[in-house]
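Undergrad: build me a model from this:
(chains A, B, C and D)
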Protein chains: 2
Amino acid sequence: MISVAIVEDLEDIRNPLFEFISTREEFICNIAVESVEDFLKAADKNDFPVDVILLDIGLPGISGLNAIKLIKEKLPDVNIIMLTVFDDSDKIFGAIQAGAVGYLMKNTPLEKIKQAIIDTYNGGTTLSPEVARKLLNFFEKPKSKIESQLTEKEKQIVACMVDGQSFKMIAANLGNTLETIKSHAKNIYRKLHVNSKAEVIAKSFRGEI
Amino acid sequence: MISVAIVEDLEDIRNPLFEFISTREEFICNIAVESVEDFLKAADKNDFPVDVILLDIGLPGISGLNAIKLIKEKLPDVNIIMLTVFDDSDKIFGAIQAGAVGYLMKNTPLEKIKQAIIDTYNGGTTLSPEVARKLLNFFEKPKSKIESQLTEKEKQIVACMVDGQSFKMIAANLGNTLETIKSHAKNIYRKLHVNSKAEVIAKSFRGEI
DNA sequence: TTCACAATCCCACCTTTGGGGGATTAGGTT
DNA sequence: AACCTAATCCCCCAAAGGTGGGATTGTGAA
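TA: Sure thing, here's the model as predicted:
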């Protein structure tokens, strides 16, 4: 019997999923929670080892993406299948690199989800067709970088931000005043549609710049 | 209606496959041949554009693997699904790099092959679970051995920081006060020898946490 | 039983950052 | 000439972040 956990904030999705899985004789579902925080708590109390986790990628609070690393530290051998409504390739690659082994759209028929859990448990993996094609495309030809809309100077400043430098340090390093760097930062935020240095750094590391 | 071609030397496999596909109303099969050479000849004479090819990877003469390149020169937009009896990762990667978009074991049930053809035609792809897992393992980051000195709670907060969240947002998401998060942040900075959120995010993305 | 430490919260004070205005200069386009 | 943009700098003010102190509770190890 395969022990399955569900981490999904929307009741309309979590409840039918729980209903389905807990009534299959192949599965047992001791954990069906709405957040990563709740899952980590539940996993501590649970006697059954968790075999497979169905994890929403877009959870509020700790996102499913960041949760993978946290969960794998606690449960290194668990198989994580990501659930998503979007076909978001950035998140797909993030999830894969973090160690997820499956990636399904939420509208996947229940019978296919069942098969995916079984395949995953047996060391296979299930990707929705769109996700699989994205992976193959990655291999076929090195991805063409999206031409950044940032100017040369702005890219330099982003690079300094990514190093963890304060505006003051950036100004010193690039030979400008603090005000100049602040001014550039404002323009960078506008172009990237963000409003903090933290978001710029995150975007940069995700390859979105 | 999807035009499907079959290139497979073994009659025991080719004939049932042809029987199945040509009797589905979704498909038409004008080409069911035993070699790549025959396929290329048939493709010239055929009026129907070929949409999907089921191609044996281990053909005598020109192998399926080498055939991909040849076929794609003549029919650049065709979708090639490889058929194999072996779970041979070298051949898998070769086929993918050459431009195949699907990879199925020959013992795959006919209904799944049907679905794979439809998915492939619609821009998706189908990999058998074992093949998919191999691909994912290729992408997965080797996990760092450095045991994090951060507590569970602290790791959660770092995960939120990495998402670009403000302390206020983190407090709301984790159900704490702002002061609690600030207090944890202080401890995180001390443990990681940094003094800003930006540095924590940078460290995290570099896998140094 | 002490002791350490994680987790929770609070206050005060200061620095950094973000958003809203500007301005000037230099370089190109139309 | 009129216009745009990049790059440089300035001011002000509010929001967010960082630092240095606390306090309390609970758990688990020495």
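
Undergrad: does residue A:181 count as helix, strand or coil?
TA: helix (DSSP: H, G, I helix; E, B strand; the rest coil).

Undergrad: residue A:83 should be in a strand, yeah?
TA: Yes. Remark: residue A:83 belongs to a strand, assigned using three-state DSSP.

Undergrad: just checking, it touches residue A:59?
TA: No. The criterion here is Cβ atoms under 8 Å, and residue A:83 misses it with residue A:59 at 10.0 Å. All C-beta spots, glycine's among them, are computed from the backbone N, C-alpha and C.

Undergrad: name the residues contacting each of these two.
TA: residue A:8 (Cβ atoms under 8 Å, 6 or more residues apart in numbering or on different chains).

Undergrad: neighbour-wise, which of those two wins?
TA: Between residue A:83 and residue A:59, counted using other Cβ atoms under 10 Å in any protein chain shown, the more crowded position is residue A:83 (26 against 23).

Undergrad: so who does that one touch?
TA: So residue A:83 contacts A:8, A:13, A:54, A:55, A:56, A:57, A:64, A:104, A:105, A:106 (Cβ under 8 Å, 6+ apart).

Undergrad: quick one: least confident helix or strand in chain A?
TA: helix A:129-140 (a mean of 69; mean pLDDT, DSSP states H and E).

Undergrad: next SSE after that helix?
TA: helix A:152-162 (DSSP states H and E).

Undergrad: distance from the chain centre to that next one, please.
TA: 25 Å (Cα atoms, centre = their mean, to the nearest Å).

Undergrad: just stretch A:2-9 next, same as before
TA: For stretch A:2-9, the distance to the chain centre is 16 Å (Cα atoms, centre = their mean).

Undergrad: do the same with stretch A:28-37
TA: On Cα atoms, centre = their mean, the centre of stretch A:28-37 falls 18 Å from that of its chain.

Undergrad: how much space between the residue nearest to the spatial centre of chain A and DNA strand D?
TA: For chain A, the residue nearest the mean C-alpha position is residue A:65 (2.3 Å; Cα atoms, centre = their mean). From residue A:65 across to DNA strand D, the span is 20 Å (Cβ to the nearest atom of the strand, to the nearest Å).

Undergrad: okay, now residue A:63: neighbour count?
TA: Residue A:63: 22 neighbours (other Cβ under 10 Å).

Undergrad: excluding chain neighbours, what is closest to it?
TA: Closest residue to residue A:63 apart from its sequence neighbours, by Cβ to Cβ, 6 or more residues apart in numbering or on different chains: residue B:163 at 5.8 Å.

Undergrad: ditto for residue A:135
TA: residue B:135 is the one closest to residue A:135 (Cβ to Cβ, 6+ apart), at 5.4 Å.

Undergrad: got the domain ranges for chain A?
TA: Domain assignment for chain A by automatic domain parsing gives A:2-138, A:152-205.

Undergrad: measure the residue nearest to residue A:135 to residue A:134 for me?
TA: From residue B:135 across to residue A:134, the span is 11 Å (Cβ to Cβ, to the nearest Å).

Undergrad: ok, now residue A:159?
TA: Taking Cβ to Cβ, one finds residue A:159 at 28 Å from residue A:134.

Undergrad: those two: who's more crowded?
TA: residue A:134 (18 against 13).

Undergrad: residue A:153 and residue A:184 touch, don't they?
TA: Yes. Counting by Cβ under 8 Å, residue A:184 is a contact partner of residue A:153 at 6.4 Å.

Undergrad: neighbour count: the two, which is higher?
TA: Per other Cβ under 10 Å, whichever of residue A:153 and residue A:184 has more neighbours is residue A:184, with 21 against 15.

Undergrad: quick check: residues of chain A near DNA strand C?
TA: Residues of chain A that fall close to DNA strand C, judged by Cβ under 7 Å from any atom of the strand: A:166, A:167, A:168, A:182, A:183, A:185, A:186, A:189, A:195, A:196, A:197, A:198.

Undergrad: just those residues that are near DNA strand D?
TA: A:182, A:183, A:196, A:198.

Undergrad: name the nearest residue to residue A:131, ignoring sequence neighbours.
TA: Nearest in space to residue A:131, with sequence neighbours left out and distances taken as Cβ to Cβ, 6+ apart, is residue A:103 at 4.7 Å.
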